[in-house]
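Undergrad: Compute the structure for the input listed below.
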Amino acid sequence: MKVLLYFEGHSLLSHSGIGRAREHQMAALRSQNVEYTLSPKDDFDIAHINTIGTGSAHVANMAHARGKKVIVHAHSTREDFMNSFCFSNTLAPLFYKRLMHMYRKGDHLITPTVYAKGKLKEYGLTMPIHAVSNGVDTKRFCYDETKAELFRRTFRLHREQKVVVCVGFVFARKGIYDFIEAARRLPAVTFIWFGSTQGMLTPHAVRSLVRNHPSNVLFPGYVEGSVLEGALCGADAFFFPSYEETEGIAVLEALASEQQVIVRDIPVYLPWLQHGKNCYKGRNREELIQILSDSLQGRVPYLGKAARATAQCRTIEQIGMELRNIYEQVLGE
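TA: Sure thing, here's the model as predicted:
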């Protein structure tokens, strides 16, 4: 069995969740000794397509013409496209049509969560749909004292300084307004948002917010490696007030890092994140900020060990086994 992993324009997606999913899929297949190629010019048995552009559609058509099975990985929904880039809400109907055009080319679909699977069914898609997490590298993302100290040295944070971090594109959908408001109400706490602002693609209001943020907020841009890994295990809380996700790889990485994770109470986290068990959830801005404040003051229990246990159910190796089983099922049809 040989699988084509296809990611159109992957260099442009390297800083995104889809870019991270590409790394995870390759590692997952290696862990299970599943042979794969990244080139559609090679021979393969299954095309596993992760993007929705014209090149992706061409590869799907070519694979079908050669009698090969096609799996389309549904990383995106109409809902998680909205409230992101400039004009994203205006373009959402066109984006939805493109999604449907591409997703209908799959003999099977894979999507990261049960919630995302439900969305695809609501769209009227009837082919088999599998919910498979994007996974997390639990060897990279774990508690590491050395990395935690590197993070604090990099940002000149003394040991007692309370620090809250978030990771992701600086979008309204990701909860940037709530993050900034939390910083305003907790001026003694340092807030750090790791992620690209995407320049002119970011709406003016969000860019203005980033330029005129409170003095206790830092925007270091896209960061990876030991500093990011140290931030996720060395901060006092991972505060992720996103309004819509298909999974949230950054959340998985924070969980794996034994971090105190605080998220908005949205359906995508059901049933794998449970309030008071492996994370804390708030239904609105007021609840989120109160929970964050309580956590920083030690008024609620630390849940990092349970968070880590949740991440360990979504290791790269586990994802590899699930993908291999799906491939075998598809080839057996």
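Undergrad: Just to check, V223 is in contact with F194?
TA: Yes - in this structure, V223 is within contact of F194 by C-beta atoms under 8 Å, at 5.0 Å. Yep, even glycine has a C-beta here, placed from its N, CA and C like the rest.
Undergrad: When the two are compared, which one has more neighbours?
TA: F194 (21 against 17; other C-beta atoms under 10 Å).
Undergrad: what are the bridge partners for the more buried one, then?
TA: On the basis of DSSP bridges, F194 is bridged to V167, G221.
Undergrad: pLDDT score for it?
TA: pLDDT, F194: 96.
Undergrad: Just list the residues touching it, thanks.
TA: The neighbourhood of F194, defined by C-beta atoms under 8 Å, 6 or more residues apart in numbering, consists of V165, C166, V167, G168, P220, G221, Y222, V223, L228, A231.
Undergrad: isn't the third one right next to E253, touching?
TA: Yes - the pair V167 and E253 passes the contact test of C-beta under 8 Å, sitting 7.4 Å apart.
Undergrad: these two touch, right, D107 and M127?
TA: Yes - with contact defined as C-beta under 8 Å, D107 counts as touching M127 (6.4 Å).
Undergrad: returning to what we had before: drop anything exposed from the contacts of F194.
TA: The neighbour-count test (16 or more other C-beta atoms under 10 Å) marks V165, C166, V167, G168, V223, L228, A231 as buried among the contacts of F194.
Undergrad: Am I right that the fourth one is in contact with F179?
TA: No - G168 is beyond contact range of F179, at 10.0 Å (criterion: C-beta under 8 Å).
Undergrad: okay, and the common contacts of the two?
TA: What both G168 and F179 touch, as defined by C-beta under 8 Å, 6+ apart, is the set W193.
Undergrad: what touches both of V167 and E253?
TA: Contact with both V167 and E253 is made by residues L232, according to C-beta under 8 Å, 6+ apart.
Undergrad: Just the mean pLDDT for stretch 130-148, thanks.
TA: 97.
Undergrad: For that stretch, measure first residue to last.
TA: End-to-end distance for stretch 130-148, by C-alpha to C-alpha, to the nearest Å: 36 Å.
Undergrad: in it, what's buried?
TA: 130-138, 140-144, 147-148.
Undergrad: and what of stretch 280-289?
TA: Across stretch 280-289, burial judged by 16+ other C-beta under 10 Å covers Y280, K281, G282, R285, L288, I289.
Undergrad: list the contacts for H24?
TA: Counting by C-beta under 8 Å, 6+ apart, H24 touches N134, G135, V136, D137, I316, I319.
Undergrad: just to revisit the earlier point, list just the nearest of the buried residues of stretch 280-289 to G17.
TA: For these, the residue nearest G17 by C-beta to C-beta is K281; the value is 20.7 Å.
Undergrad: and the closest one, bridged to which residues?
TA: With DSSP bridges as the rule, K281 is bridged to V263.
Undergrad: That one and P241, how far apart?
TA: Between K281 and P241 the computed distance is 10 Å (C-beta to C-beta, to the nearest Å).
Undergrad: And the pLDDT at L13?
TA: Per-residue pLDDT puts L13 at 63.
Undergrad: so V210 touches G221, yeah?
TA: No - assessed by C-beta under 8 Å, V210 is found out of contact with G221, at 10.4 Å.
Undergrad: hang on, the earlier thing: the buried residues of stretch 130-148 in strands, which ones?
TA: H130, A131 (DSSP state E).
Undergrad: Looking at the buried residues of stretch 130-148, which is nearest R78?
TA: Among the buried residues of stretch 130-148, A131 lies closest to R78 (C-beta to C-beta), at 18.1 Å.
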